[in-house]
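Student: with the input below, show me the fold.
(one chain, ligands or ions: 1)
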Amino acid sequence: MAKKGSVLVVDDEEVMRDVLETLLSAEGYRVDLAKTGEEGVEAYAHRPYDVVLLDVSMPGMGGLRALEEILKLDADAVVVMITAYATFDTAIAAWERGAFGCIRKPFQNEQITQTVAAGVRRRRKEEERQALRRAMSREVDRGAIIGRSEAMQAIFRLVDQVAPARSTVLIMGESGTGKELIAKAIHEQSPRASKPFVIVNSLNIPSELLESELFGHTKGAFTGAITAKKGLFEVADGGTIFLDEIGDLPFETQAKLLRVIQEREFTPLGDTTPRRVDVRIIAATNIDLREAVRQGHFREDLYYRLAVVPIELPPLRDRREDILPLAQHFIRKFNAENGRHVSDQLSPEVLALLENYSWPGNVRELENVIERAVVIAPGQELTVECLPQEIRDPQRALQRAPISNAAAALDVGRGINFYDEVRRFEMDLIRRALEQTGGHQSRAARLLGMNATTLNSKIKAYNLQYRP
Ligand SMILES: Nc1ncnc2c1ncn2[C@@H]1O[C@H](COP(=O)(O)OP(=O)(O)OP(=O)(O)O)[C@@H](O)[C@H]1O
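Tutor: Predicted coordinates for the structure are as follows:
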């Protein structure tokens, strides 16, 4: 059974130690004993106790000195002095110095048990206050990562654990779930925080240039290399490199990355001498890398090297408790950015719509929806009308798809141009994916389950332009 709390009894008299131990153990406390003030202080230094029962008059280091020493170790220590009538003045002095309580000998058993129980309560309250303070300061430090759900709380604990080490971290999760935010938090909580945090998105860099971007090149290493250039691994030296969309890394580059992880060194293009770097690698992916390994697109050895600490960010629809605090956080953010005063107290109707929606674009989509709502809110309240159609009425939004217009035309016997309809359908889907991702083509490509190059050529062919 879990103990009620821990008590350290410091008394030079064996009988007193016995009495107190028997009494408090029977009450369900874990009790440790010390025969002298010195022993008591040492025991406390070794591990703090919820309550210390400290005899005032002991040979050697007296109770008063021991009290001072314990409070030096832990300003919140709960110390109860036990004193004979004759030394009551000393007990008053102890109380003034910060003792929690004072019990006169001879005592009633209840006096002991009640005071110890009160001491443990005080200790718990103090612990809670500190945990809250830590959580709040962490929220600020982390650039406000919101997460009330148990899944996110577990991720925060993992982040706290892995941040101080250099181990490689692999963050997995759908687009918009907060992978970059978590990577940044790990960097910021690490001893590398004052060094660079370099973001590399392999999809945004043409594959011919990727290697020279990562590892640098010498002057004349290839046509166009007019000057020597430092690679991003060198720029990140001492800090952290965040390799986003790692699943899109070309196969040949994967081998080079493996070498950096294993040997901590790389060779710039056109160079022969390897460079050593001290870089922590955090990789992220929204594709199933294990599947990519099975299909032969991703090196298995690299996968295992990256997934030393895997962190899996759940989609927003699987942690609906986070929707309200996230929405409130974004309302405050966009109020501040737009000089608005929209209330962060959501009406039950708005909250229900937000909580019932499936959020395919995850937190990023919620952020976009709230930004728009804050800007268009007519007064100080965010109303249902401020939300986009697909959230207000998911069923109707589906029917709005052009395909059903075409089908309707067929139903009433009117003809359609099949190819035009298909094109219109494609354009609509692409437009929506671009809206969802703030115009980010590689993310839109993933939302559509389409290769980024194909998407790019369609955007050009249809002359689609994203305007926020
Ligand atoms: N828990 C959270 N608290 C506050 N903001 C969040 C949270 N999660 C994500 N966001 C915000 O949502 C947006 C998307 O997050 P982020 O870019 O980290 O996602 P991602 O998973 O890296 O996306 P992608 O895979 O598309 O690159 C950012 O603006 C980020 O600040």
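Student: which bits of the chain sit near the ligand?
Tutor: Residues of the chain that fall close to the ligand, judged by C-beta under 6 Å from any ligand atom: 144-147, 173, 175-181, 244, 286, 326, 329, 363-364, 367, 443. The way it works is simple: take the backbone N, C-alpha and C, and place the C-beta from them, glycine included.
Student: mind redoing it with 5 Å?
Tutor: By the rule C-beta under 5 Å from any ligand atom, the part of the chain lying against the ligand is 145-146, 175-181, 286, 363-364, 367, 443.
Student: export these as CSV, with columns for pLDDT.
Tutor: Supplementary listing: those in CSV, determined by pLDDT from 0 to 100:
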residue, pLDDT
145, 90
146, 92
175, 87
176, 91
177, 95
178, 95
179, 95
180, 94
181, 94
286, 87
363, 95
364, 92
367, 95
443, 85
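Student: scan these and report the most crowded one.
Tutor: Counting by other C-beta atoms under 10 Å, residue 176 has the largest number of neighbours within those, with 28 neighbours.
Student: what distance do you get for it to residue 433?
Tutor: In this structure, residue 176 and residue 433 are 12 Å apart, going by C-beta to C-beta, to the nearest Å.
Student: what sits against the closest residue to the ligand within the stretch 51-200 of the chain?
Tutor: Of the residues in the stretch 51-200 of the chain, the one nearest the ligand is residue 178, at a distance of 2.6 Å by C-beta to the nearest ligand atom. Neighbouring residues of residue 178 by C-beta atoms under 8 Å, 6 or more residues apart in numbering: 145, 313, 362, 363.
Student: in the one helix or strand residue 371 maps to, what counts as buried?
Tutor: For residue 371, the host element (DSSP states H and E) is helix 362-376. Judged by neighbour count (16 or more other C-beta atoms under 10 Å), helix 362-376 contains these buried residues: 362, 363, 364, 365, 366, 367, 368, 369, 370, 371, 373, 374.
Student: just list what it packs against, helices and strands only.
Tutor: In terms of contacts (3 or more C-beta pairs under 8 Å, 6 or more residues apart in numbering; DSSP states H and E), helix 362-376 is packed against helix 323-338, helix 418-436.
Student: below-threshold pLDDT in this structure: ranges please.
Tutor: Confidence mapping of the chain against pLDDT under 70 gives the ranges 1-2, 85-88, 133-143, 203-204, 207-208, 394-415, 420, 468.
Student: now do the domain split for it, please.
Tutor: Here the chain is described, according to automatic domain parsing, as comprising the domains 6-130, 150-314, 317-397, 401-462.
Student: neighbours of residue 329, how many?
Tutor: A count of neighbours around residue 329, defined by other C-beta under 10 Å, yields 20.
Student: which one is it nearest to, not counting chain neighbours?
Tutor: With sequence-adjacent residues excluded and distances taken as C-beta to C-beta, 6 or more residues apart in numbering, residue 329 is closest to residue 146, at 5.0 Å.
Student: is it correct that that neighbour is in contact with residue 323?
Tutor: No: taking C-beta atoms under 8 Å as the contact criterion, residue 146 and residue 323 are not neighbours in contact, 10.0 Å apart.
Student: what about stretch 46-63, start to end distance?
Tutor: 19 Å (C-alpha to C-alpha, to the nearest Å).
Student: then stretch 32-48?
Tutor: Distance between the boundary residues of stretch 32-48 (C-alpha to C-alpha) amounts to 11 Å.
Student: do stretch 83-101 as well
Tutor: Stretch 83-101 has its terminal residues 11 Å apart, counting by C-alpha to C-alpha.
Student: residues contacting that stretch, please?
Tutor: In contact with stretch 83-101 (C-beta under 8 Å, 6+ apart) are residues 51, 54-57, 63-64, 67-68, 71, 78-81, 102-105, 115, 118-119, 122.
Student: ChimeraX command for the buried members of these?
Tutor: To isolate in ChimeraX the members of the contacts of stretch 83-101 that are buried, counting by 16+ other C-beta under 10 Å, one can use:
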select :51,54,55,56,63,64,67,71,78,79,80,81,102,103,115,119,122
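Student: going by secondary structure, the nearest residue to residue 145 once chain neighbours are set aside is in what exactly?
Tutor: Using C-beta to C-beta, 6+ apart and skipping residues adjacent in sequence, the residue nearest residue 145 is residue 181, 5.6 Å away. Assigned by DSSP H and E, residue 181 belongs to helix 179-188.
Student: against residue 364, how distant is residue 162?
Tutor: Going from residue 162 to residue 364 by C-beta to C-beta gives 24 Å.
Student: please apply the same query to residue 421.
Tutor: For residue 421, the distance to residue 364 - C-beta to C-beta - is 30 Å.
Student: what's the answer for residue 442, then?
Tutor: With distances defined as C-beta to C-beta, the gap from residue 442 to residue 364 amounts to 13 Å.
Student: show me what counts as buried in the lengthiest helix in the chain.
Tutor: With DSSP state H setting the assignment, residue counts place helix 109-141 as the longest helix in the chain. Of the residues in helix 109-141, those scored as buried under the neighbour-count criterion (16+ other C-beta under 10 Å) are 112, 115, 116, 119, 120, 122, 123, 138.
Student: which strands or helices does that helix pack on?
Tutor: Helix 109-141 sits against helix 14-26, strand 51-55, strand 79-84, strand 101-105, with contacts defined as 3+ C-beta pairs under 8 Å, 6+ apart.
Student: quick one: neighbours of the nearest residue to residue 374 once chain neighbours are set aside, just the number.
Tutor: With C-beta to C-beta, 6+ apart as the criterion, residue 374 has its nearest non-adjacent residue at 4.0 Å, and that residue is residue 334. Residue crowding around residue 334 was assessed by other C-beta under 10 Å; the count is 19.
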